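**Student:** Next input, structure requested:
(2 chains)
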2 protein chains.
Amino acid sequence: MATETLTAERILEVTEEVLRRYGPAKATVVDVARALGVSHGSVYRHFRTKAALREAVTHRWLGRTEQALEELTAAPGPAPGKLHDWLATLFEAKRHKAGDDPELFATYNVLIDESSDVVDQHLTVLEDQVRRILEEGVSTGEFAAPDPAASARAVFTATARFHDPSYAPTWESETAEEEFEQVVGLLLRGLRP
Amino acid sequence: MATETLTAERILEVTEEVLRRYGPAKATVVDVARALGVSHGSVYRHFRTKAALREAVTHRWLGRTEQALEELTAAPGPAPGKLHDWLATLFEAKRHKAGDDPELFATYNVLIDESSDVVDQHLTVLEDQVRRILEEGVSTGEFAAPDPAASARAVFTATARFHDPSYAPTWESETAEEEFEQVVGLLLRGLRP
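**Tutor:** Next up is the predicted model:
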């Protein structure tokens, strides 16, 4: 592959494949370069260290969910329904990631444990979206939240069971959906003026 | 030690000490018998298998928290305050177990992973206490909960961050107490009629 077509995005795509194939413990930058048919120096021109490459691929993975949720956040519509759908979409996205490709999910969970900054940034983006939905609801009189940022964090914390990867083994249980609705219903009632 | 003084409780006490000393991977019934100064047959007369002994010691450990919370549940007083205090006491008890004796806490987390029945039973006891507090609040008009058992489970799920051992590393964070109050405040508002 010619160097001019070697974009950061292309490196990240291939890195994901290499991580899936070799596992996060064994995958190296040399493996990525080999899979791309370039020298490892070419990879390092885009990502200065192996850690930076791993962080970037984790950021990209988490970013996909952020983007889908951002569209929901920015769309018009009543705030309570939007908050419900936002949480349902997050749960669904996580459940898909865990269920459709368990190996890749396990791989990313290893990466997540080593990239706390990337994860913190991800959680900040998500909590900020919830805050915006709450503020919207406060402005229309649909929600009462004296401190929307604190309430957003509380909503996010209270729904951890449905998005924290450590609960992934429970997501396919028969009662998961009903439990989700019960928790979200309780939170929505708690946000009523 | 004479066999007549060898009670199940005494065996469980010593088992906890042995588990702490050798770790859950290495501790054996022979170690327990040796620490008691009895034959391992004497231990097996009370607990028929090593698994039964480990389950019993886990049950005893979890039971201590259940007992403290049962007293709170049965005490008179307004339901919303009681639910707040019940959740705060659970959080405090777990935080103490994790912080005061981290080695023993880690040991029990290993045991918990192998004793899913004992843990399920524990969670059922706790959720049932919450259900009773909710029913009390419904009867006095302090709470609205069409299905108190489902709401109890939702309250328990939504506060996982403050009692699920997988979150233990976050319990000593500076913001944990404030986050707890935010989540519980939101849930209590959600339970208002």
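
**Student:** Which segments of chain A make up each domain?
**Tutor:** Under the assignment named as automatic domain parsing, the residue ranges that make up the domains of chain A are A:3-48, A:60-191.

**Student:** With distance to B:L83 and mean neighbour count added, can I get those domains in a markdown table?
**Tutor:** Using the backbone N, CA and C atoms, a C-beta is placed for each residue, glycine as well. Converted to a markdown table, the domains of chain A look like this (distance: least, C-beta to C-beta, whole Å; neighbours: other C-beta atoms under 10 Å in any protein chain shown):
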| stretch | distance to B:L83 | mean neighbour count |
| --- | --- | --- |
| domain A:3-48 | 43 | 16 |
| domain A:60-191 | 12 | 17 |
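
**Student:** Quick one: closest of the ones you listed to B:A106.
**Tutor:** B:A106 lies closest, by C-beta to C-beta, to one member of the domains of chain A: domain A:60-191, at 16.3 Å.

**Student:** between the domains of chain A, which gets the lowest average pLDDT?
**Tutor:** With a mean of 91, domain A:3-48 has the lowest mean pLDDT of the domains of chain A.

**Student:** Within range of chain B, give me the residues from chain A.
**Tutor:** Taking C-beta under 8 Å from any C-beta of the partner chain as the test, the list of chain A residues beside chain B reads A:150-151, A:153-155, A:157-161, A:166, A:178-179, A:182-183, A:185-192.

**Student:** Could you list which of those belong to helices?
**Tutor:** Judged by DSSP state H, the residues of chain A next to chain B include A:150-151, A:153-155, A:157-158, A:178-179, A:182-183, A:185-191 as members of helices.

**Student:** How about the contacts made by the closest residue to chain B within chain A?
**Tutor:** With distances taken as C-beta to the nearest C-beta, chain A approaches chain B most closely at A:G190, which sits 3.3 Å away. With contacts defined as C-beta atoms under 8 Å, 6 or more residues apart in numbering or on different chains, A:G190 is in contact with B:185-191.

**Student:** Among those residues, which one sits closest to B:A51?
**Tutor:** Of all the contacts of A:G190, the one with the least separation from B:A51 (C-beta to C-beta) is B:L187, at 37.1 Å.

**Student:** I'd say that closest one and B:F156 touch.
**Tutor:** No: assessed by C-beta atoms under 8 Å, B:L187 is found out of contact with B:F156, at 10.2 Å.

**Student:** mind listing what the residue most central in space within chain A touches?
**Tutor:** The geometric centre of chain A, computed from its C-alpha atoms, lies nearest to A:L62 (C-alpha atoms, centre = their mean), at 3.5 Å. Contacts here follow C-beta under 8 Å, 6+ apart; on that basis A:L62 touches A:118-119, A:122.

**Student:** hmm, 10 Å instead?
**Tutor:** A:97, A:108, A:111-112, A:115, A:118-119, A:121-123, A:125-126 (C-beta atoms under 10 Å, 6 or more residues apart in numbering or on different chains).

**Student:** Tell me which of those residues fall in helices.
**Tutor:** Where the contacts of A:L62 overlap with helices, as defined by DSSP H, the overlap consists of A:97, A:108, A:111-112, A:118-119, A:121-123, A:125-126.

**Student:** quick check, nearest of these to B:V43?
**Tutor:** So of these, ranked by how close each gets to B:V43 (C-beta to C-beta), first place is A:I112, at 43.3 Å.

**Student:** Quick one: residues contacting the closest residue in space to the closest one that isn't next to it in sequence.
**Tutor:** Computed as C-beta to C-beta, 6 or more residues apart in numbering or on different chains, the closest residue to A:I112 that is not its neighbour in sequence is A:V119, at 5.5 Å. Applying C-beta under 10 Å, 6+ apart, we find A:V119 in contact with A:55, A:58-59, A:62, A:111-113.

**Student:** again, only this time at 8 Å
**Tutor:** Contact partners of A:V119, counting by C-beta under 8 Å, 6+ apart, are A:58, A:62, A:112.

**Student:** what's the distance between it and A:T157?
**Tutor:** Separation of A:V119 from A:T157 (C-beta to C-beta, to the nearest Å): 15 Å.

**Student:** A:E103 too?
**Tutor:** A:E103 sits 29 Å away from A:T157 when distances are taken as C-beta to C-beta.

**Student:** Check A:G137 too.
**Tutor:** When C-beta to C-beta is applied, the distance between A:G137 and A:T157 equals 19 Å.

**Student:** What of A:R192?
**Tutor:** If you measure A:R192 against A:T157 using C-beta to C-beta, the figure is 19 Å.

**Student:** How about A:K50: what's its closest non-neighbour residue?
**Tutor:** Spatially, and ignoring its direct neighbours in sequence, A:K50 is nearest to A:V29 (5.2 Å; C-beta to C-beta, 6+ apart).

**Student:** tell me the contacts of that neighbour?
**Tutor:** Under the criterion of C-beta under 8 Å, 6+ apart, the contact list for A:V29 reads A:40, A:43-44, A:47, A:50, A:53.

**Student:** Please tabulate these in JSON lines, including the columns secondary structure and distance to B:R131.
**Tutor:** What follows is those, written out as JSON lines (DSSP: H, G, I helix; E, B strand; the rest coil; distance: C-beta to C-beta, whole Å):
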{"residue": "A:H40", "secondary structure": "helix", "distance to B:R131": "60"}
{"residue": "A:V43", "secondary structure": "helix", "distance to B:R131": "57"}
{"residue": "A:Y44", "secondary structure": "helix", "distance to B:R131": "59"}
{"residue": "A:F47", "secondary structure": "coil", "distance to B:R131": "53"}
{"residue": "A:K50", "secondary structure": "helix", "distance to B:R131": "51"}
{"residue": "A:L53", "secondary structure": "helix", "distance to B:R131": "50"}
